[in-house]
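Trainee: need coordinates for the below:
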Amino acid sequence: MRALLFLLPFALLAQGPPPRLVSPEVHPDRRVTLRFRAPNAAKVTLNREGGRPADLVKDDKGVWSITTEALAPDMYGYSFNADGVSLIDPGNPSMKPNLLSTTSMFHVPSPDASLLWETRDVPRGTVHHHFFRSAICQDQRDFFVYTPPGYDPKAKTKYPVLYLLHGFSDDASGWTSVGQAHVILDNLIAQGKAKPMLVVMTLGYGTLEVLQNRTMGKKSFDLFGESLLKEVIPTVEKTYRASTNRAQRALAGLSMGGAETLVVGLNHLETFSQLGAFSSGGIPGDFAQTFPNLTAKANDQLKLLWIACGKDDRLIDANNKFVAFLKERNVKHEYVVTEGAHTWLVWRRSLSTLAPQLFR
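Mentor: Below you'll find the predicted structure:
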């Protein structure tokens with residue numbers, strides 16, 4: 001009996017590890033099969049960006065799986081929920097990073113890479129990563145800068161600059177790691193549809209306490225705006241061939257970043273001439289208090305005020321109310337309601353639509 005017990009571990013080792021699961025598996029018909037090994041789980045659910053939760057089915061080897069319907073070409077975030085615990089896909093190295101809920105991601109490719117956020121054989125720009133100590137926010141933070149193809153730091157050419165802000169729970173890498181902003185600009189510039197520009201993507205919190213509280217507040221908006229104006233922009237203009245002309249400076253963002261775009265941008269039209277707000281929400285206070293000086297006079301300074309939101313977005317009512325406020329103040333704007341909800345599936349398209357309109 002002792003001999004059998006002694007040999008048992010070696011017998012288990014001889015069996016080797018279970019076979020590697022292929023997940024995700026993207027089929028030619030654009031269906032996607034996802035697999036997750038959890039033999040002791042009672043229930044496993046798939047949560048997919050742009051879709052409803054769906055249950056996986058377990059086989060006799062303890063592997064849970066599901067095959068989606070044919071999906072539109074795009075990049076999709078997803079996670080598994082096993083008995084109430086949210087988990088990434090251990091078989092998939094592609095991550096959708098998030099400060100509160102990192103998930104996995106898969107790509108359903110389009111024919112001939114027709115989506116602007118898919119890599120094509122075109123000249124590529126460069127993404128630079130910077131770190132600094134913020135005296136205003138009293139912490140260490142970072143920002144990314146996209147320089148377009150052919151950018152020469154020694155040349156005399158001055159480039160327009162888009163300051164592009166992420167949403168709540170993202171970090172400064174959100175627009176590159178998930179939004180693919182650099183790829184979008186590469187493709188638009190190659191097509192001659194967007195002007196070569198710098199894109200600056202900075203950390204969007206005035207205080208990181210908002211992540212613990214899971215809510216925005218006026219303090220965070222104020223500190224972020226001050227840091228952007230007094231620290232980030234001067235550093236970019238000192239380090240890069242960035243135009244200092246307000247006509248060549250734009251501000252845009254999604255969700256929290258969209259609200260910051262409106263709060264900072266509309267209150268600092270001496271700095272920004274073009275604004276883009278995607279699915280914005282969380283503007284502190286009532287509109288009259290937050291934008292006390294916003295009147296029809298702003299039309300002389302605003303080259304573009306572009307607001308977009310998905311019709312199924314939970315923030316569509318907030319956007320409708322803000323647009324109504326702009327109409328009351330006779331402030332010229334463009335309001336676009338698209339398909340989709342509060343997801344990157346909408347925001348990549350928003351940037352793809354806005355970028356060609358900038359600096360014209």
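Trainee: residues contacting the residue lying closest to Leu269 once chain neighbours are set aside?
Mentor: Take Leu269 and drop its neighbours on the chain: the residue closest to it by C-beta to C-beta, 6 or more residues apart in numbering is Gln301, 4.2 Å away. The C-beta positions use only the backbone N, C-alpha and C, and glycine is treated the same way. Listed by C-beta atoms under 8 Å, 6 or more residues apart in numbering, the contact set of Gln301 reads Leu269, Glu270, Ser273.
Trainee: likewise Asp55?
Mentor: Lys43, Val44, Thr45, Leu46, Ile66.
Trainee: save the contacts of Gln301 as TSV, and put in neighbour count, pLDDT and distance to Tyr151 too.
Mentor: Rendered in TSV, the data for the contacts of Gln301 read as follows (neighbours: other C-beta atoms under 10 Å; pLDDT from 0 to 100; distance: C-beta to C-beta, whole Å):
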residue	neighbour count	pLDDT	distance to Tyr151
Leu269	17	98	28
Glu270	8	97	27
Ser273	22	98	22
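Trainee: still on that earlier bit, how much space between the residue nearest to Leu269 and Thr295?
Mentor: Taking C-beta to C-beta, to the nearest Å as the criterion, Gln301 is separated from Thr295 by 11 Å.
Trainee: again with Pro18
Mentor: Here the distance between Pro18 and Thr295 works out to 67 Å (C-beta to C-beta).
Trainee: can you give me the strands in the stretch 251-360 of the chain?
Mentor: For the stretch 251-360 of the chain, the strands defined by DSSP state E, counting those that start in this stretch occupy 274-278, 304-310, 334-338.
Trainee: ranking the ones you listed by burial, who's on top?
Mentor: Between the strands of the stretch 251-360 of the chain, the one whose residues have the most neighbours on average, counting mean count of other C-beta atoms under 10 Å, is strand 274-278 (a mean of 29).
Trainee: if we can go back for a sec, among the contacts of Asp55, which ones are buried?
Mentor: Among these, those that count as buried by neighbour count (16 or more other C-beta atoms under 10 Å) are Val44, Thr45, Leu46, Ile66.
Trainee: can I get those in CSV with pLDDT, distance to Lys311 and secondary structure?
Mentor: Listed next are the buried ones among the contacts of Asp55 as CSV, based on pLDDT from 0 to 100; distance: C-beta to C-beta, whole Å; DSSP: H, G, I helix; E, B strand; the rest coil:
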residue, pLDDT, distance to Lys311, secondary structure
Val44, 98, 31, strand
Thr45, 98, 26, strand
Leu46, 98, 24, strand
Ile66, 98, 27, strand
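Trainee: can you put these in a markdown table and add distance to Asp89?
Mentor: Formatted as a markdown table, the buried ones among the contacts of Asp55 follow (distance: C-beta to C-beta, whole Å):
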| residue | distance to Asp89 |
| --- | --- |
| Val44 | 11 |
| Thr45 | 13 |
| Leu46 | 10 |
| Ile66 | 12 |
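Trainee: okay, how far is it across stretch 86-94, tip to tip?
Mentor: Between the opening and closing residues of stretch 86-94 there is a gap of 17 Å (C-alpha to C-alpha, to the nearest Å).
Trainee: got the buried residues for it?
Mentor: Along stretch 86-94, these residues count as buried under the neighbour rule (16+ other C-beta under 10 Å): Ile88, Asp89, Gly91, Asn92.
Trainee: using the three-state scheme, assign the third one.
Mentor: Just to be clear, that refers to Gly91. Here Gly91 is recorded as coil under DSSP: H, G, I helix; E, B strand; the rest coil.
Trainee: which ones are touching it?
Mentor: Listed by C-beta under 8 Å, 6+ apart, the contact set of Gly91 reads Arg20, Leu21, Val22, Ser23, Arg35.
Trainee: make JSON lines from these and add secondary structure, pLDDT and distance to Trp347 to it.
Mentor: What follows is the contacts of Gly91, written out as JSON lines (DSSP: H, G, I helix; E, B strand; the rest coil; pLDDT from 0 to 100; distance: C-beta to C-beta, whole Å):
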{"residue": "Arg20", "secondary structure": "coil", "pLDDT": "88", "distance to Trp347": "33"}
{"residue": "Leu21", "secondary structure": "coil", "pLDDT": "93", "distance to Trp347": "31"}
{"residue": "Val22", "secondary structure": "coil", "pLDDT": "96", "distance to Trp347": "30"}
{"residue": "Ser23", "secondary structure": "coil", "pLDDT": "97", "distance to Trp347": "26"}
{"residue": "Arg35", "secondary structure": "strand", "pLDDT": "98", "distance to Trp347": "29"}
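Trainee: quick one, which of those are buried?
Mentor: Those of the contacts of Gly91 that meet the buried threshold are Leu21, Ser23, Arg35, by 16+ other C-beta under 10 Å.
Trainee: I appreciate the help and will end here.
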